[in-house]
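S.K.: prediction below, plus the sequence it came from.
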There are 4 protein chains.
Amino acid sequence: MNKSKSGARRTNSAKATLRKSPNGTRYSEAAACLAEIGKGFHARGWVLGTSGNFSAVISREPLRLAITSTGLDKGSLAPDQFLEMDEAANVVRGDGRPSAEALLHLAIVRGVDARAVLHTHSVWSTVLSGSHASQGGIALEGYEMLKGLEGVRTHKHREWLPILENSQDMLELGERVSKTLRESPGIHGFLLQEHGLYTWGGNLPEAKRHVEILEFLMEVLVRSGAAQSA
Amino acid sequence: MNKSKSGARRTNSAKATLRKSPNGTRYSEAAACLAEIGKGFHARGWVLGTSGNFSAVISREPLRLAITSTGLDKGSLAPDQFLEMDEAANVVRGDGRPSAEALLHLAIVRGVDARAVLHTHSVWSTVLSGSHASQGGIALEGYEMLKGLEGVRTHKHREWLPILENSQDMLELGERVSKTLRESPGIHGFLLQEHGLYTWGGNLPEAKRHVEILEFLMEVLVRSGAAQSA
Amino acid sequence: MNKSKSGARRTNSAKATLRKSPNGTRYSEAAACLAEIGKGFHARGWVLGTSGNFSAVISREPLRLAITSTGLDKGSLAPDQFLEMDEAANVVRGDGRPSAEALLHLAIVRGVDARAVLHTHSVWSTVLSGSHASQGGIALEGYEMLKGLEGVRTHKHREWLPILENSQDMLELGERVSKTLRESPGIHGFLLQEHGLYTWGGNLPEAKRHVEILEFLMEVLVRSGAAQSA
Amino acid sequence: MNKSKSGARRTNSAKATLRKSPNGTRYSEAAACLAEIGKGFHARGWVLGTSGNFSAVISREPLRLAITSTGLDKGSLAPDQFLEMDEAANVVRGDGRPSAEALLHLAIVRGVDARAVLHTHSVWSTVLSGSHASQGGIALEGYEMLKGLEGVRTHKHREWLPILENSQDMLELGERVSKTLRESPGIHGFLLQEHGLYTWGGNLPEAKRHVEILEFLMEVLVRSGAAQSA
């Protein structure tokens, strides 16, 4: 709905910018790829009700991200619903506001060498991040599926998935995210309590893979009765 | 099945009416959009077995709604399976009978300033509205997903989802719905016991978002064990 | 796989028969409609692993049914994978063998005035028909969804879903089915223990609706904890 | 992503090889069919996060298999992402490395007379292979669905699904697989602990059917509460 209207409003200026910008192609490709990923996640029920947001790094120097604008139905996500933002979360391409959680994306791409950040909001992560909040995180160990996380070579790996208290103050929450990334080197994601999963990767397929793996393992835990016995 | 037959039967008169009516375009757009939403809900298992019904306000003065006619398979819902009805539930456009629950749609668009009303009938709402009936409703609190409900700004919001006893007397039930809306200002939906969810919005995308959010949160509660411990 | 090969093998003779037969059109329409229904059920996981079978009455005098041939992957069900059989389960049109359970379809279309019989094999019916076997059946009461069953007018209706012991002797099982239909007039379906659901209708859309309703209600019972407390 | 690039890189040489090879047609058909099966499994959540691998025997003398190359997103699996390998797991057609688990596929096609081997990695098998590890396997008995397993004639059949300890040493694990196949003749599959299911068949449709049946039965067990009481 919004899509076609806002799309029409900015057609001329946006297209012109796209042609002139050196990042234009990378931006367009990232937006198209993120839109496909988002629609697939919506079909699985991982980003219902405009929840979830997705970004990809377009350039490192200066830092530029393609990121979903706020409040979109991910079931009909389109490339023109993305924005390009700079290192201070200013919009430099496209109309609309970036997600309120843009600061978390920036904290992550700075804190780890990520090129893509995906935030999902599934039933599984909502249940587990509530039931395990008092433990500060969830330990995942012994699962073959862990080998799909970048750098992991054996199912005997122990992955720690920290749970951070949720907040509406994104500056404060962004600082806690940065602190978590510094203090827990090697993690592949974290949960916000009763909110959802953040994970990332060196490229978009890797980040998508990490979503599938971590969502799978959380579903395994809930179905194994972990939510009840926490 | 019925679709093509009834569609054929009324092609000529209906199309003529459509062109002459000032509400024609709005009606056609609403019917097409509601049909898409309905098919999506059917795919998710939220409106199986001809359950569920959907409406959108076409005009306020006089009050006119596009609404699903009764007894349809939502998996093959088509725009020509909608009716236009007036403030007394009389059909003013299209063939067929409106849903028995048309009076509830009217009670809602009058009781709150809604432009769209969606009724789903999921496993989650059936389970929870049974297990929590004696408590008169369900409290939803602490979930980030709540922020997707119109006007909610923080996950600390406490949403009350009233449960009304089910009835086949729609006049009587419509009055209880109106009373609930007066006595619980600010709610975003309610449950009919072992029947399903009613929610609404200022426009169709907002109402669809509210369905996804409330269905999500009910699934979270059931999977957290709430149905067993109620 | 088999599909294209067997399809090719019988193209000429089958098509010729089709044109000459007075039931040809009805047979073709039923097969096409049943194939669509079957693929939809497979997508929902209700007829995995070649389980399930479907039939529709083509004529009453003499009795003729279109029925799935045996051992098919319902995910790629095609109209040419159906057979026409007579009142003694002899194939009168098409290649292949009818399902071993053809005798149950015949018992049902004779025992109740059904025009379509659908057999699904879901996780929900397998779980519940095991947990409730010692009780001889499952009582469904108080659910609005019951109103979708033909002839039911209120959620206060009490539907009895008998559970029959499973058997590989189809003559013997067919007799027990006939006996159940005589002794429990008004039922809309029954379960075979750890096997699945049989339901029917006065036409195909009605039978499909009954599948959706009964599968839905069994899922509700399992998720409400009924399987554990039985 | 990788797909189009690697596809482009080898177009000329691969196509030339294909035309000259006596196994070319069989290889192409197997790859296309396996790709379709894999995408369907991904949609059901059975091979998330690049998990799972699939093979088909192209010739027996000498032994040649079409097999997925390693690390693929099964949601976009394409025929050109398969390799042909010989009896020593050497790649004889196509670019890329075969899955680390290629040795298990070889152990299976040698140990039983299988023409296709499918490995899925579902939530259900992960949960059950963990909860039942100490029992060494899972007994499946009394289910009609068992009749879909090749050679099984009655629901009274007792199917033993062994659980093998997981390992990253494929030579060692391959020997344990061979030993299991020798010591448990007649089994239709086995589980690797907290890893997933291996099953097979005399052809691809049979192997696909075995996946659907065994995944179904594991889901039934988990939903019946078996994982909690193990």
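M.R.: That came through fine. Predicted, not measured: the structure shown is a model, and the values here were computed from it.

S.K.: from here on, just use CA atoms for contacts and neighbour counts.
M.R.: Noted.

S.K.: mean confidence score for stretch A:47-62?
M.R.: In this model, stretch A:47-62 has an average pLDDT of 96.

S.K.: let me fix that, I meant to ask about stretch A:205-214.
M.R.: Stretch A:205-214 carries an average pLDDT of 98.

S.K.: just stretch A:132-151 next, same as before
M.R.: The average pLDDT for stretch A:132-151 rounds to 97.

S.K.: for the residue of chain A found nearest chain C, which non-adjacent residue is closest in space?
M.R.: Residue of chain A nearest chain C, by Cα to the nearest Cα: residue A:223 (12.5 Å). Spatial nearest neighbour of residue A:223, chain neighbours left out: residue D:127 (7.3 Å); criterion: Cα to Cα, 6 or more residues apart in numbering or on different chains.

S.K.: one step back: next, count neighbours for the residue of chain A closest to chain C.
M.R.: 22 (other Cα atoms under 10 Å in any protein chain shown).

S.K.: residue A:199 sits in which helix or strand?
M.R.: strand A:196-201 (DSSP states H and E).

S.K.: direction included, what does that strand pair up with?
M.R.: Sheet pairing of strand A:196-201 (DSSP bridges) gives strand A:116-120 (antiparallel), strand A:189-192 (antiparallel).

S.K.: give the full set of residues in contact with the residue nearest to residue A:223.
M.R.: Contact partners of residue D:127, counting by Cα atoms under 8 Å, 6 or more residues apart in numbering or on different chains, are A:220, A:223, A:224, D:194, D:222, D:227.

S.K.: interface residues of chain A facing chain C?
M.R.: With the criterion set to Cα under 8 Å from any Cα of the partner chain, chain A never comes near chain C.

S.K.: now do the helices in chain A.
M.R.: Here chain A has its helices, by DSSP state H, at A:2-20, A:24-43, A:102-111, A:123-131, A:170-183, A:204-223, A:226-229.

S.K.: looking at the ones you listed, which is nearest to residue B:78?
M.R.: Judged by Cα to Cα, the one of those that comes nearest to residue B:78 is helix A:24-43, at 21.3 Å.

S.K.: which other helices and strands contact the closest one?
M.R.: Using 3 or more Cα pairs under 8 Å, 6 or more residues apart in numbering or on different chains; DSSP states H and E as the contact test, the elements touching helix A:24-43 are helix A:2-20, strand A:53-59, strand A:64-68, helix A:204-223.

S.K.: who's in contact with that helix?
M.R.: Contacting residues not belonging to helix A:24-43 are listed as A:17-18, A:47-48, A:54-56, A:58, A:66-67, A:74-80, A:82, A:84, A:120, A:204, A:208 [Cα under 8 Å, 6+ apart].

S.K.: from the chain's centre, how far out is it? Work that out for me.
M.R.: With Cα atoms, centre = their mean, to the nearest Å as the basis, helix A:24-43 stands 12 Å off its chain's centre.

S.K.: any idea of the mean pLDDT in it?
M.R.: For helix A:24-43, the per-residue pLDDT averages 96.

S.K.: so for chain A, the centremost residue is which one?
M.R.: Nearest residue to the geometric centre of chain A (Cα atoms, centre = their mean): residue A:118, 1.9 Å.

S.K.: what's across from it in the sheet?
M.R.: The partner list for residue A:118 in beta bridges (DSSP bridges) reads residue A:54, residue A:199.

S.K.: contacting residues for the nearest residue to residue A:149 once chain neighbours are set aside?
M.R.: Counting by Cα to Cα, 6+ apart, residue A:149 lies nearest to residue A:210, which is 6.1 Å off, once chain neighbours are set aside. Contacts for residue A:210 (Cα under 8 Å, 6+ apart) come out as A:148, A:149, A:188, A:199, A:200, A:201, D:49.

S.K.: equivalent analysis for residue A:85, please.
M.R.: By Cα under 8 Å, 6+ apart, the contact list for residue A:85 reads A:64, A:65, A:66, A:67, A:91, A:92, A:93, A:98.

S.K.: skipping its backbone neighbours, what lies nearest residue A:78 in space?
M.R.: Using Cα to Cα, 6+ apart and skipping the chain neighbours, the partner closest in space to residue A:78 is residue A:35 (5.5 Å).

S.K.: mind listing what's buried in stretch A:157-165?
M.R.: A:159, A:160, A:161, A:162, A:163, A:164, A:165 (16 or more other Cα atoms under 10 Å in any protein chain shown).

S.K.: now these in JSON lines, with distance to chain D?
M.R.: Shown next, in JSON lines, are the buried residues of stretch A:157-165 (distance: Cα to the nearest Cα, whole Å):
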{"residue": "A:159", "distance to chain D": "15"}
{"residue": "A:160", "distance to chain D": "18"}
{"residue": "A:161", "distance to chain D": "17"}
{"residue": "A:162", "distance to chain D": "21"}
{"residue": "A:163", "distance to chain D": "22"}
{"residue": "A:164", "distance to chain D": "25"}
{"residue": "A:165", "distance to chain D": "27"}
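
S.K.: which bits of chain A sit near chain D?
M.R.: So chain A meets chain D at A:142-145, A:148, A:154-155, A:205, A:208-213, A:216-217, A:219-220, A:223-225 (Cα under 8 Å from any Cα).

S.K.: rerun that using 6 Å as the cut-off
M.R.: Proximity of chain A to chain D, by Cα under 6 Å from any Cα of the partner chain, involves residues A:143, A:144, A:209, A:212, A:213, A:220.

S.K.: would you mind checking these for buried ones?
M.R.: Buried among the residues of chain A next to chain D by 16+ other Cα under 10 Å: A:143, A:144, A:209, A:212, A:213, A:220.

S.K.: which one of these sits closest to chain B?
M.R.: Among those, and counting by Cα to the nearest Cα, the member closest to chain B is residue A:220, at 12.5 Å.

S.K.: now that closest one: closest residue in space, sequence neighbours ignored.
M.R.: residue D:123 (5.5 Å).

S.K.: likewise residue A:171?
M.R.: Nearest residue to residue A:171 in three dimensions, chain neighbours excluded: residue A:103, at 7.1 Å (Cα to Cα, 6+ apart).
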